[in-house]
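1. no FASTA, just this:
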């Protein structure tokens, strides 16, 4: 038997009521805002009853699932700029009431360290609801060292207990799953990558004389932009420019611009700020090379996005993208300015035609592995297994 769900006839086994919690869906907050929204939309299209509770308010600044299958509830947040703190004192109450009134069967929480994450764990414990935690890269070694004292205190007060209470984890790569295991957690881990929305058209910049390398991500210390400046200074590729796109976080852009000035590279670097929609798509289409010199990523959505536009990629082994090498569509290098300089030197030396062929291979690679419909199906199978509606999926690993 099946049932009607938002006008669509669904198999009963697919009808699962799951609640997703995430600190925010603001476009400037990075990958989780996009990936959580897209995952929930994909799950809803498969027949699961999906709701999101998040901080903030409904506005154009947020990425809200464009689907009748997903309901999004915003809880007003309080901002204290001096302390760089955002919290929602009513978040836990809203979450508890929602779970009790709507018979939620599973809570899927995204991220760590924040009051929203602690609220999700507390609600799951109190109501005896299975909890899945997606750390979203926040248990990687570099991330744990960044602002380490604050995280050590949170770990002692609540974070370790909350992680220990999870029924299962969701990791976006084997690399992230290994980081979870290194911290001693024995729960099942579902290894399911993030996905992307595929563009209709890709690379178009082959007719111009000036070649373009693109960085598109948050301007944050973990992204390795100092290494990028040092590497560019070593190579100084003739006929190339470096575009830096993305939101500035905590004034890091000024630090990078100072390094560019000191290196005498102002004429080769251009900052364009945050980009979305068609402006973002045009940057990918006009790029000949994409560079993400990151120290750590649990996935790296921008890598997949660049490949989907047919752009070869250079990224570090801080990101789980060995496929760049195995599929012949980029460079997967050690972290540091010297390895990055060597990769840039090689990438700018090959012909436009060779880069184009690499880009075509990259597009095929992501088409075959990172579509949201397949990813949502895998996640739904994990939910069904946890709720004893199906067998253990292949993507779930145990100790």
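-> That came in fine, so what should we check first? If you're wondering where the values come from, they're calculated on a predicted model, not measured in any experiment.
2. pLDDT weak spots in the stretch 51-200 of the chain?
-> 59-60, 66-67, 79-88 (pLDDT under 70).
3. now do 90
-> Low-confidence regions of the stretch 51-200 of the chain, defined by pLDDT under 90, span residues 55-69, 74-93, 98-103, 115, 197-200.
4. Could you list every helix and strand that the lengthiest helix in the chain packs against?
-> Assignment by DSSP state H gives helix 352-369 as the longest helix of the chain. Here helix 352-369 is seen to pack against helix 301-308, helix 323-326 when contacts are counted using 3 or more CB pairs under 8 Å, 6 or more residues apart in numbering; DSSP states H and E. Where you see a C-beta, it was placed from the backbone N, CA and C, and this is true even at glycine.
5. Which helix or strand lies directly C-terminal to it?
-> helix 372-386 (DSSP states H and E).
6. any idea of the angle that following helix forms with helix 352-369?
-> In this structure, helix 372-386 runs at an angle of 30 degrees to helix 352-369, with axes from the mean of the first three to the mean of the last three CA atoms, to 10 degrees as the basis.
7. packing partners for helix 372-386?
-> helix 31-45, strand 168-171, strand 189-191.
8. So which of the ones you listed is nearest residue 270?
-> Distances from residue 270 to each of those were compared using CB to CB; the shortest belongs to helix 31-45, at 23.2 Å.
9. angle of the closest one against helix 372-386?
-> Here helix 31-45 points in a direction 70 degrees away from that of helix 372-386 (the same axes, to 10 degrees).
10. just the angle between the helix or strand just after helix 31-45 and helix 372-386, please?
-> Per DSSP H and E, helix 31-45 leads on to strand 49-55 as the next helix or strand towards the C-terminus. Direction vectors for strand 49-55 and helix 372-386, defined by the same axes, to 10 degrees, enclose an angle of 100 degrees.
11. Which other helices and strands does strand 49-55 contact?
-> For strand 49-55, the packing partners by 3+ CB pairs under 8 Å, 6+ apart come out as strand 17-22, helix 31-45, strand 70-75, helix 91-102.
12. still on that earlier bit, if we go by neighbour counts, what in the longest helix of the chain is buried?
-> Residues of helix 352-369 classed as buried: 355-359, 361-363, 365-366 (neighbour count, 16 or more other CB atoms under 10 Å).
13. contacts for that helix?
-> Where contact means CB atoms under 8 Å, 6 or more residues apart in numbering, the residues beyond helix 352-369 that reach it are 193, 196, 198, 202-203, 206, 288-289, 304, 306-313, 323-324, 327-330, 347.
14. Now that we have those, which of them are buried?
-> 193, 196, 198, 202-203, 288-289, 304, 306-313, 323-324, 327, 329-330, 347.
15. so the closest residue to residue 359 other than its chain neighbours, which of the three states?
-> Of all residues not flanking residue 359 in the chain, residue 310 sits nearest, at 3.5 Å (CB to CB, 6 or more residues apart in numbering). For residue 310, the reduced secondary structure class is coil; criterion used: DSSP: H, G, I helix; E, B strand; the rest coil.
16. With the one 5 residues further on instead?
-> Each residue gets one of three states, and residue 315 gets strand by three-state DSSP.
17. list the contacts for residue 55?
-> The contact partners of residue 55, taken as CB under 8 Å, 6+ apart, are 23-24, 74-77, 86, 88, 91, 116.
18. would you turn those residues into a markdown table with distance to residue 238 and neighbour count?
-> Written out in a markdown table, the entries for these read as follows (distance: CB to CB, whole Å; neighbours: other CB atoms under 10 Å):
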| residue | distance to residue 238 | neighbour count |
| --- | --- | --- |
| 23 | 44 | 26 |
| 24 | 43 | 24 |
| 74 | 50 | 19 |
| 75 | 53 | 20 |
| 76 | 53 | 12 |
| 77 | 49 | 20 |
| 86 | 45 | 17 |
| 88 | 52 | 24 |
| 91 | 53 | 24 |
| 116 | 49 | 25 |
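19. Turn those into TSV, including distance to residue 124.
-> Listed next are these as TSV, based on distance: CB to CB, whole Å:
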residue	distance to residue 124
23	17
24	20
74	21
75	17
76	23
77	21
86	22
88	18
91	14
116	13
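20. Just the closest of those to residue 163, please.
-> residue 116 (14.9 Å).
21. is it true that that closest one lies in a strand?
-> No - with three-state DSSP as the criterion, residue 116 is helix rather than part of a strand.
22. With adjacent residues omitted, what lies nearest to it?
-> Counting by CB to CB, 6+ apart, the residue nearest residue 116 is residue 23, at 4.7 Å.
23. Now that neighbour, what are its backbone angles?
-> phi -60, psi -40 (degrees, to the nearest 10).
24. right, and it touches residue 112 too?
-> No - the criterion here is CB atoms under 8 Å, and residue 23 misses it with residue 112 at 9.8 Å.
25. beta partners for residue 50?
-> residue 18, residue 70 (DSSP bridges).
26. for it, what are its contacts?
-> By CB under 8 Å, 6+ apart, residue 50 lies in contact with 18-20, 40, 43-44, 69-71.
27. which helices and strands does whichever strand or helix holds residue 282 pack with?
-> Under the criterion DSSP H and E, the helix or strand holding residue 282 is helix 277-286. Other helices and strands packing on helix 277-286, by 3+ CB pairs under 8 Å, 6+ apart, are strand 211-216, strand 240-245.
28. In the stretch 251-399 of the chain, where is pLDDT below threshold?
-> 276-277, 398-399.
29. would you turn the helices and strands packed on helix 352-369 into JSON lines with distance to residue 268?
-> Putting the helices and strands packed on helix 352-369 into JSON lines (distance: least, CB to CB, whole Å) gives the following:
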{"stretch": "helix 301-308", "distance to residue 268": "20"}
{"stretch": "helix 323-326", "distance to residue 268": "24"}
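30. in the helix holding residue 282, what's buried?
-> Residues of helix 277-286 classed as buried by neighbour count (16+ other CB under 10 Å): 280-281, 283-286.
31. With stretch 123-142 instead?
-> Of all the residues in stretch 123-142, those buried under the rule 16+ other CB under 10 Å are 123-124, 129-140.
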